[in-house]
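Predicted model and sequence follow; I will ask about them next.
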Amino acid sequence: MASFDVLIQPWIPVVDLSGGPPKEMGILEALERAHELREISDPSPLIRFGLYRILIAFIMDAFEIRRLEHIESLLNAGRFDPATLKRYTEEICDPSRFDLFDKDRPFLQAERNEELDGTEREMIARLFQHLPCGSFNTHFHHQRDDSHAVTPAVCARALAALPPFMTAGGAGYSPSINGAPPLYVLIAADSLFETLAMNCCAVPLPLDADGEKVSWRSLMPVHPKKQIRQFSLLHSYTWPCRRLRLLPSEGGICSYTGRSDDILVREMVYGPGLKAAGDWVDPQVAYKLTDKGRRKIEPDENREIWRDTGPLMLLREKDYAGEGGRVRFEQPIVVQQFRQLCQERVLPRNAELQLEVFGLVSDNMKLSEWRWERLSLPLSLILRSDAGQRVQQAIENAELVGFIIGKDIRKAFPREGKNTRNPFGLQISECKRVYWRELRTTFDSFLARLARMNENDLTGLDALNEYWQRDVRRVAESAFERVVDTLGSDALALTRHVRARDSLFSDLNKALPLTRAKKATKGKPKSKSPLRQKEVSTNV
């Protein structure tokens, strides 16, 4: 009979502190040696984050993490206690629940006593968000979905990614507990041990309800499409959004890794799972708060992740209100927790907040791309009371200019783009890509300057804000010129280009008034801007 014990058999790819290629370990070895390991490694960011979440849930349950003092004790110990792990897996848990092919209660799957009638057999490719299946796009994979056969280790990794990243999958198939996948943050540290410890949630959640345990300890049957309105934290981390059973078959070569194995999985029984019908606050997600309620920050294929530095790393509800006071932001709870650990000197004063941010851009069943990015801020900014407001204002200034660029490029089109569907759409998109790409370096410089400044130095901070606006203006003009210069050279085109440049110059003056520059040039002859000079040479 097929068997695969996820506690012992290798399936989690990890990287040693000394470097080298990834090695695969079972849960127990990975946790017992976590202080000697750097990180989890997998080509798919979705799987990588899913594995972190499974291990975080495991640690929180095994070590009964409830308060910040518990995280402090973990960090002071310097490693996960093997005796505690042994007691948890042998006395508190049912060891059979960790077998991927257990006949009654397989790991992260439907129990035997649950009715599976009405569910369908599916190709194993459907378990993976990034593999083509059925009518989904083939992307860079050109295999038929019935040609996939994968090892138990690969299946276990894919199962871990379902709770955070499952999207709606057709009639009756609900997404996971967060709905459409949001941007998830993971506090990254020097070792796997520290990363797991600092991402355990040890502060009370506003909507956490006592109730269902983590998946491998839960006794609640998963009735298809049953609506659940209250959730516990650990249940949410292993949310059964699908009812499935892996069907082991004869061995061969894994189509995913190219390795040989005695067991391969080609098919599974697959059907709808639980439906999350209530509100939920995820500790690793940032939120936007409006008069319409709480809305999670989601990935956008047209928006770089670093542009959400404020909500992801700095902003709390009381810190900043945009759009006339109607919009506020709430950073992830694990980031708030990091800040508190720093304030209480549990973490060193030279600590940095380093985040890995994971996302899946989706529109119901349509999956566009996965997103992953690293962000970091020095502790001096994390602890500053004004940092979130200043960073968010800087980003919003840049976003206003990004809108202006798109609006004014259209004026280089005949009839200024009126009655024309998306005039210069590709050129506008390219201009904005160039603008935001070049502005990233400028933004990093802005953050470094802000971190060095005293928050009581209002004159210096005002000057920094104007430097930022000048840089935004410079980058915007450069990106605009690069695109407009490619839009024709006949007389009528040049006239439209001049009109577009004139409009941009006027709009930038309104959006980014350079008051210090005006004071500095008062009484001196006015110099033409680069845009005005361009107009003169064009007319000549």
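Structure received.

Do a quick rundown of the strands in the stretch 251-400 of the chain.
For the stretch 251-400 of the chain, strands defined by DSSP state E, counting those that start in this stretch occupy the ranges 260-272, 275-276, 287-290, 293-296, 328-330, 352-363, 366-378.

swap in the chain?
Taking DSSP state E as the test, the strands found in the chain are 12-16, 23-25, 37-40, 120-123, 184-187, 227-228, 242-253, 260-272, 275-276, 287-290, 293-296, 328-330, 352-363, 366-378.

Quick one: list the elements packing against the second one.
To tie it back to what came earlier, the one meant is strand 23-25. The contact analysis (3 or more CB pairs under 8 Å, 6 or more residues apart in numbering; DSSP states H and E) places strand 23-25 against strand 12-16. C-betas here are computed from N, CA, C, even on glycine.

Other residues contacting the strand it packs on?
By CB atoms under 8 Å, 6 or more residues apart in numbering, the surrounding residues in contact with strand 12-16 are 21-27, 30, 36-42, 51, 55, 157, 192.

partner strands of that strand, parallel or antiparallel?
strand 23-25 (antiparallel), strand 37-40 (antiparallel) (DSSP bridges).

With residue 314 as the reference, measure out to residue 391.
6 Å (CB to CB, to the nearest Å).

quick one: common contacting residues for those two?
residue 381.

Tell me where the chain is predicted with low confidence.
Residues of the chain meeting the criterion pLDDT under 70: 113-119, 130-146, 170, 206-210, 364-366, 414-424, 487-489, 514-540.

about what we covered before: CSV please, covering the strands paired with strand 12-16 and showing mean neighbour count and distance to residue 494.
Converted to CSV, the strands paired with strand 12-16 look like this (neighbours: other CB atoms under 10 Å; distance: least, CB to CB, whole Å):
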stretch, mean neighbour count, distance to residue 494
strand 23-25, 17, 62
strand 37-40, 21, 54
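
could those strands go into TSV alongside distance to residue 277?
Converted to TSV, the strands paired with strand 12-16 look like this (distance: least, CB to CB, whole Å):
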stretch	distance to residue 277
strand 23-25	37
strand 37-40	32
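
what about those strands, which gets the closest to residue 90?
strand 23-25 (18.8 Å; CB to CB).

tell me the contacts of residue 509?
No contacts exist for residue 509 under CB under 8 Å, 6+ apart.

From here on, call the first residue 695.
With the count now opening at 695, the last piece we talked about shows up as residue 1203.

Quick check: it vs residue 1184, distance?
Relative to residue 1184, and taking CB to CB, residue 1203 is found at 29 Å.

And residue 730, by the same measure?
68 Å.

just residue 1084 next, same as before
46 Å.

Those two: who's more crowded?
A direct count of neighbours by other CB atoms under 10 Å for residue 1084 and residue 1184 places residue 1084 higher, at 23 against 8.

Report the contact partners of the more buried one.
Each residue near residue 1084 by CB under 8 Å, 6+ apart is listed here: 1144, 1155, 1159.

The second one reaches residue 1140, doesn't it?
No: at 11.4 Å, residue 1155 and residue 1140 do not qualify as touching, with contact defined as CB atoms under 8 Å.

Between the two, tell me which one has more neighbours.
Legend: neighbour count by other CB under 10 Å for residue 1155 and residue 1140, higher for residue 1140 (22 against 17).

I'd say the more buried one and residue 1091 touch.
No: in this structure, residue 1140 is not within contact of residue 1091 by CB under 8 Å, at 10.7 Å.

got any residues that touch both of these two?
Common contacts of residue 1140 and residue 1091 (CB under 8 Å, 6+ apart): residue 1162.

How many residues are close by the nearest residue to residue 1004 once chain neighbours are set aside?
Closest residue in space to residue 1004, ignoring its immediate chain neighbours: residue 1086 at 3.8 Å, by CB to CB, 6 or more residues apart in numbering. When neighbours are defined as other CB under 10 Å, residue 1086 has 21 of them.

Rebuild the strands of the stretch 945-1094 of the chain as a markdown table, extending it with mean neighbour count and distance to residue 756.
Supplementary listing: the strands of the stretch 945-1094 of the chain in a markdown table, determined by neighbours: other CB under 10 Å; distance: least, CB to CB, whole Å:
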| stretch | mean neighbour count | distance to residue 756 |
| --- | --- | --- |
| strand 954-966 | 19 | 28 |
| strand 969-970 | 19 | 25 |
| strand 981-984 | 17 | 29 |
| strand 987-990 | 14 | 28 |
| strand 1022-1024 | 21 | 29 |
| strand 1046-1057 | 21 | 23 |
| strand 1060-1072 | 16 | 28 |
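
Dig out what the residue nearest to residue 867 when sequence neighbours are not counted forms beta bridges with.
Closest residue to residue 867 in three dimensions, ignoring its sequence neighbours and counting by CB to CB, 6+ apart: residue 966, at 5.2 Å. Note on residue 966: beta-bridge partners residue 936, judged by DSSP bridges.
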